[in-house]
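Peer 1: Predicted model follows, preceded by the sequence.
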Amino acid sequence: MIRFEDVTMRYAKEPEPALDEVSLEIARGEFAFVVGASGSGKSTLLKLMTRELIASAGELWVAGRDLRTLPDRKVPALRRDIGVVYQDFRLLEDKTVTQNVAFVLQVLGRKRHEIKQLVPEALELVGLRDKGNRRPHQLSGGEQQRVAIARAVVKKPAIVIADEPTGNLDPENSAEIVELLERINKAGTTVVVATHDHTIVDEFRKRVIELSEGLVMRDDEQSGYGVVPRRVAG
Ligand SMILES: Nc1ncnc2c1ncn2[C@@H]1O[C@H](COP(=O)(O)OP(=O)(O)OP(=O)(O)O)[C@@H](O)[C@H]1O
C-alpha cells in the first residue's frame with residue numbers, strides 16, 4: 001500500500017537531508033506507528049505520502065501510484081484515497097460538526113443523497129451522532145479530534161495518516177482516539193500514526209517504525225517501546 005525505496009528528502013538550503021535513503025513498506029490493512037525525536041523526519045515521511053512534498057531521490061509508491069512520476073493533475077485522486085488527521089484538528093470554526101464532515105464530500109462532488117447517508121454514518125462511528133449541530137468550539141479537544149477523524153474517513157479512504165493526533169489531548173482522550181483509529185484499521189483501512197506519545201505506543205502494541213536524524217533506526221512488528229530493549233547508545 002505504501003512503499004519507500006531509498007527515499008531521500010532534502011529541504012532547500014538545509015545541509016543535512018530530513019530523510020536519508022529510507023526504505024520501508026506498509027502493507028494494506030496494517031497499523032504502524034512512526035516514532036522518533038523532534039526533527040527526526042516523521043512529518044516529512046507523512047508529507048511525502050500525501051504528495052505535500054516531493055522526494056529528492058528514491059522511489060515511492062502510495063495506493064498503487066508511483067509518486068515519482070505522478071502528474072500534479074492526478075494528486076487530487078491520490079488524496080481521495082488518503083484521509084489525514086492533524087494534531088491541531090483543523091476544523092472549520094464557522095461550520096457545524098455535520099457541515100465540517102459534509103464539506104469534504106461536497107468538494108469531491110458527491111451527490112446530496114450520498115452525503116446525507118455517509119455523514120451520519122461517520123459521526124456514528126466516532127460517537128458524535130448527537131452533536132452534529134454543534135460548532136467546534138462547543139466541543140472538547142477529544143471530541144474535536146473525533147470530528148476530524150470522521151472528516152478523514154467519511155470518503156472511505158484506503159489509508160488514514162495521522163500526524164501527532166493525540167498531541168493536544170490528555171491521556172484518557174489520547175487512548176480513545178487511538179482506539180478509534182484501531183477500529184478503523186480493523187475495518188480494513190491502512191493506518192499510519194506519527195507520535196511522540198510513548199504511553200500509547202506501549203499500550204497498543206503495533207508495528208513501530210523509529211526514525212532518528214532521517215534514518216530508520218528500528219522497525220519492529222507488534223513491539224511497543226517497552227518490549228524490545230532500546231538501542232544502547234554508542
Ligand atoms: N520546510 C522545511 N524547510 C527546511 N527544513 C525543514 C522543513 N521542514 C522540516 N525541516 C527539517 O527537516 C527535519 C525533519 O523535520 P520533520 O518535521 O519531518 O520532523 P518531525 O520528526 O516530524 O519533528 P516534530 O516531532 O518536531 O514534528 C528537521 O531537521 C527539520 O528542521
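Peer 2: Yep, that arrived.

Peer 1: what residues does this structure put near the ligand?
Peer 2: Contact residues (C-beta under 6 Å from any ligand atom) of the chain with the ligand: 11, 14, 18, 36, 38-44. C-betas here are computed from N, CA, C, even on glycine.

Peer 1: mind listing which of these are in helices?
Peer 2: In this view, the residues of the chain next to the ligand that belong to helices under DSSP state H are 42-44.

Peer 1: In space, not sequence, find me the middle residue of this structure.
Peer 2: Nearest to the mean C-alpha position of the chain, by C-alpha atoms, centre = their mean, lies I161 at 1.5 Å.

Peer 1: Find me the pLDDT at the closest residue to L118 other than its chain neighbours, would you?
Peer 2: Residue nearest to L118 in three dimensions, not counting chain neighbours: V154, with 5.4 Å by C-beta to C-beta, 6 or more residues apart in numbering. On pLDDT, V154 comes in at 98.

Peer 1: check contacts around V154.
Peer 2: 101-102, 104-105, 118-119, 121-122 (C-beta atoms under 8 Å, 6 or more residues apart in numbering).

Peer 1: Okay, helices next: where are they in the protein?
Peer 2: Secondary structure of the chain (DSSP H): helices at 42-49, 75-80, 97-107, 112-125, 141-153, 171-186, 198-204, 224-227.

Peer 1: any idea which of those scores lowest on pLDDT?
Peer 2: When I compare the helices of the chain, helix 224-227 is least confident, with a mean of 49.

Peer 1: number of nearby residues for M1?
Peer 2: 19 (other C-beta atoms under 10 Å).

Peer 1: Look up how far the ligand lies from it.
Peer 2: 21 Å (C-beta to the nearest ligand atom, to the nearest Å).

Peer 1: my guess is that residue contacts F31, does it?
Peer 2: No - at 11.6 Å, M1 does not count as touching F31 under the criterion of C-beta atoms under 8 Å.

Peer 1: Mutual contacts of these two, please.
Peer 2: T190.

Peer 1: The residue nearest to the centre of the chain and Y86 touch, don't they?
Peer 2: No - I161 is beyond contact range of Y86, at 9.6 Å (criterion: C-beta under 8 Å).

Peer 1: Can you convert the ones in helices among the residues of the chain next to the ligand into TSV and add a column each for neighbour count?
Peer 2: Listed next are those as TSV, based on neighbours: other C-beta atoms under 10 Å:
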residue	neighbour count
K42	25
S43	18
T44	22
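
Peer 1: Closest one of these to S174?
Peer 2: K42 (16.7 Å; C-beta to C-beta).

Peer 1: what's around the nearest residue to D197 once chain neighbours are set aside, how many residues?
Peer 2: Excluding the flanking residues, the one nearest D197 by C-beta to C-beta, 6+ apart is T166, at 5.4 Å. Neighbour count for T166, taken as other C-beta under 10 Å: 25.

Peer 1: Would you list the phi and psi of T166?
Peer 2: Main-chain torsions, T166, degrees, to the nearest 10: phi -110, psi 10.

Peer 1: and it, what does it touch?
Peer 2: 145, 173-174, 177-178, 195, 197, 200.

Peer 1: quick one: which of those residues has the most company?
Peer 2: Counting neighbours by other C-beta under 10 Å, Q145 comes out on top of the contacts of T166 with 29 neighbours.

Peer 1: How about that residue, nearest residue that isn't a chain neighbour?
Peer 2: I177 (5.3 Å).

Peer 1: Quick check: bridge partners of the nearest residue to E221 once chain neighbours are set aside?
Peer 2: Counting by C-beta to C-beta, 6+ apart, E221 lies nearest to R207, which is 5.1 Å off, once chain neighbours are set aside. In this structure, R207 bridges to A32 when assessed by DSSP bridges.
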